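Student: kindly return the folded structure for what I paste below:
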Amino acid sequence: MSQFDLLPTKPDPPKPNPQPMDVGQQINNNNAPQKRTKLIGVYNYKGGVGKTTNIIHLGSQLNSLGVKTLLVDADPQCNLTTFWLPNAESAEEEELLTREDDLEERGVIIQDNLNPNASAHDMTSFRTDSSKPSIYEALGPAFFGNYSQLSAVSVHQIRPNLWLLPGNTRLVEFEQQLGLADAVLMQATVWLGAFRKIVQLSAEKVGAEIVLIDFGPSSGIINKVFVMSCDYVLPPSFADYFSLSSADGLLRSIFPVWFEWQRRIVNQQDRVVIPSDQEQYRFHKEPPRLLPFIVTAYKMYGKTVTKPSSAWILDLKNLLNSQLSTEVRQMLHPLAGEMVIPLVSHLGQLIQYSHASKLPFVEIPSAKWMADTLKVRGEEYWTLVKRGREHITCLCKLLIQLE
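Tutor: Numbers count the residues shown, from 1 in each chain. Prediction:
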């Protein structure tokens, strides 16, 4: 049984079960040796499985535990950025140009009615603020020929122990150059190594122990370079058929191809003479370790995962115990003996409260606050919040233990 104590499974062969350390003691021990910064990419090439949501709440809870953490938005959609740094400028209210009674009747659409008391949000809050330095400006020198100017960027402090390197929709502009990496390896050295270098410099600037990196739902060249530049990959998933299918593709197709590509690039770099001023930008030699699949948005009945959700989670466990390639199997890095962790149930409801309050749900203070501020049945939904926070805290403590 996992220490998350959620999903009953058939007994597994005995596994090492290290005792969780006293995280608070380690965090507050100023004499403890300084650990290297851990780069953890939250990635799955399937969209809509909670990548950004997991980063928001892991980052918030690591902040609460006193762990200095840097969030990096490497997704051109920039959802992580707009959550933490919504555009502060408010647009003037615009009169709707078209009203329902002005529309020419074209037919009947069967649809659910909206709440008549609801009001639309300020649309400018969904846009990133272009005046803020972002990952695009940070990487610019590497791709525009001024790599000697690569340096730590001014990241935004959003909590006492939490910082953000914002994203930018223009990140996709670097795809063409990265796609030429195999053909023009000498010129590509800086392109390939710039992301890890920038993230490390920015993390060092604020003393971050953990970096959580948000990636978009793609298997393209930007994600391939950036994900393979990480130390660890934390893949989120849902308990459903489509998520299982994508997990199978990730383990059997995407990662094996990426590993082979990384090995080829590293071998080529080892055979050529790289200018001394570019040595620090060599591509990361080690493939990332794969942390457990973090399952969210499953259904609960009382204190037990429902039978349909349990079946999909068991299927994911079986997939990870199946005949994977040697490279992928060597990549697996269980936490507390687990490679699949049911983390947060009813994620959809919790996300709604999070977005409505502009707070990670782990920061919601009380049932009364939920009832007064969000106008929901506070005691009923407060149970979900407390349970989700407890499980996320447990995962954070396991991430802190990573070397």
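
Student: now do the same contact list for Tyr241.
Tutor: With contact set as CB atoms under 8 Å, 6 or more residues apart in numbering, Tyr241 has these partners: Trp312. Just so you know, the C-beta spots here come from the backbone N, C-alpha and C atoms, and that holds for glycine as well.

Student: Asp214 too?
Tutor: By CB under 8 Å, 6+ apart, Asp214 lies in contact with 42, 51-52, 55, 71-75, 79-80, 167.

Student: low-confidence stretches in the stretch 1-150 of the chain?
Tutor: For the stretch 1-150 of the chain, the stretches flagged by pLDDT under 70 are 1-35, 87-132, 147, 149.

Student: before we move on, the earlier item: any chance of the contacts of Asp214 in a markdown table, plus neighbour count and distance to Gly145?
Tutor: A markdown table is the format used below for these (neighbours: other CB atoms under 10 Å; distance: CB to CB, whole Å):
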| residue | neighbour count | distance to Gly145 |
| --- | --- | --- |
| Val42 | 28 | 31 |
| Lys51 | 26 | 32 |
| Thr52 | 23 | 32 |
| Ile55 | 28 | 32 |
| Leu71 | 32 | 29 |
| Val72 | 29 | 24 |
| Asp73 | 29 | 25 |
| Ala74 | 26 | 22 |
| Asp75 | 27 | 26 |
| Asn79 | 19 | 31 |
| Leu80 | 27 | 29 |
| Gly167 | 26 | 23 |
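
Student: can you tell me which of the residues you listed is closest to Gln176?
Tutor: If you rank those by distance to Gln176 using CB to CB, Ala74 comes first, at 17.3 Å.

Student: show me the contacts for the closest one.
Tutor: 135, 167, 171, 195, 213-216, 222, 226.

Student: shouldn't Ser237 be in contact with Phe293?
Tutor: Yes - with contacts defined as CB atoms under 8 Å, Ser237 counts as touching Phe293 at a distance of 4.8 Å.

Student: hang on, the earlier thing: so which of the contacts of Asp214 are in helices?
Tutor: Among the contacts of Asp214, DSSP state H puts 51-52, 55, 79-80 in helices.

Student: which one of those is nearest Ser309?
Tutor: The shortest separation between Ser309 and any of the ones in helices among the contacts of Asp214 is 19.7 Å, and it belongs to Lys51 (by CB to CB).

Student: wait, doesn't that closest one sit right on Phe238?
Tutor: No - between Lys51 and Phe238 there is no contact under CB under 8 Å: 11.4 Å.

Student: what's the overlap in contacts for these two?
Tutor: With contacts defined as CB under 8 Å, 6+ apart, no residue is adjacent to both Lys51 and Phe238.

Student: what's around Glu279, how many residues?
Tutor: Counted with other CB atoms under 10 Å, the neighbours of Glu279 add up to 11.

Student: what pLDDT is listed against it?
Tutor: According to the predicted model, the pLDDT of Glu279 comes to 79.

Student: quick check, it in a helix?
Tutor: Yes - when the secondary structure is assigned by DSSP: H, G, I helix; E, B strand; the rest coil, Glu279 falls within a helix.

Student: redo the contacts of Ala74 as JSON lines? Include distance to Gly337.
Tutor: Putting these into JSON lines (distance: CB to CB, whole Å) gives the following:
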{"residue": "Ile135", "distance to Gly337": "35"}
{"residue": "Gly167", "distance to Gly337": "35"}
{"residue": "Leu171", "distance to Gly337": "37"}
{"residue": "Phe195", "distance to Gly337": "32"}
{"residue": "Ile213", "distance to Gly337": "26"}
{"residue": "Asp214", "distance to Gly337": "27"}
{"residue": "Phe215", "distance to Gly337": "27"}
{"residue": "Gly216", "distance to Gly337": "31"}
{"residue": "Ile222", "distance to Gly337": "34"}
{"residue": "Phe226", "distance to Gly337": "29"}
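
Student: sort out for me which of those residues are in strands.
Tutor: 213-215 (DSSP state E).

Student: which of those sits closest to Gly348?
Tutor: Taking CB to CB as the measure, Gly348 lies nearest Asp214 of the ones in strands among the contacts of Ala74, at 19.2 Å.

Student: can you name the residues bridging to that closest one?
Tutor: Residues in a beta bridge with Asp214, per DSSP bridges, are Val42, Asp73.

Student: buried residues in the helix or strand where Ser237 lies, which are they?
Tutor: Secondary structure here is read from DSSP states H and E; on that basis Ser237 sits in strand 236-238. Residues of strand 236-238 classed as buried by neighbour count (16 or more other CB atoms under 10 Å): 236-238.

Student: in a helix, Leu58, correct?
Tutor: Yes - under three-state DSSP, Leu58 falls within a helix.

Student: mind checking how far it is from Arg159?
Tutor: 13 Å (CB to CB, to the nearest Å).

Student: more neighbours: which of those two?
Tutor: Between Leu58 and Arg159, counting by other CB under 10 Å, Leu58 is the more crowded of the two (26 against 16).

Student: from what I can see Val376 touches Met370, true?
Tutor: Yes - in this structure Val376 lies within contact range of Met370 using CB under 8 Å: 5.6 Å.

Student: shared neighbours, these two?
Tutor: Shared contacts of Val376 and Met370 (CB under 8 Å, 6+ apart): Tyr353.

Student: compare neighbour counts for those two and give me the winner.
Tutor: Legend: neighbour count by other CB under 10 Å for Val376 and Met370, higher for Met370 (22 against 17).

Student: can you give me the pLDDT of the residue nearest to that one when sequence neighbours are not counted?
Tutor: Counting by CB to CB, 6 or more residues apart in numbering, Met370 lies nearest to Gly378, which is 4.2 Å off, once chain neighbours are set aside. Model confidence at Gly378, expressed as pLDDT, equals 71.

Student: now Gly378. Its backbone dihedrals?
Tutor: phi -60, psi -50 (degrees, to the nearest 10).

Student: circling back: export the buried residues of strand 236-238 to CSV and tack on pLDDT and distance to Ile274?
Tutor: Supplementary listing: the buried residues of strand 236-238 in CSV, determined by pLDDT from 0 to 100; distance: CB to CB, whole Å:
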residue, pLDDT, distance to Ile274
Pro236, 96, 36
Ser237, 96, 39
Phe238, 95, 43
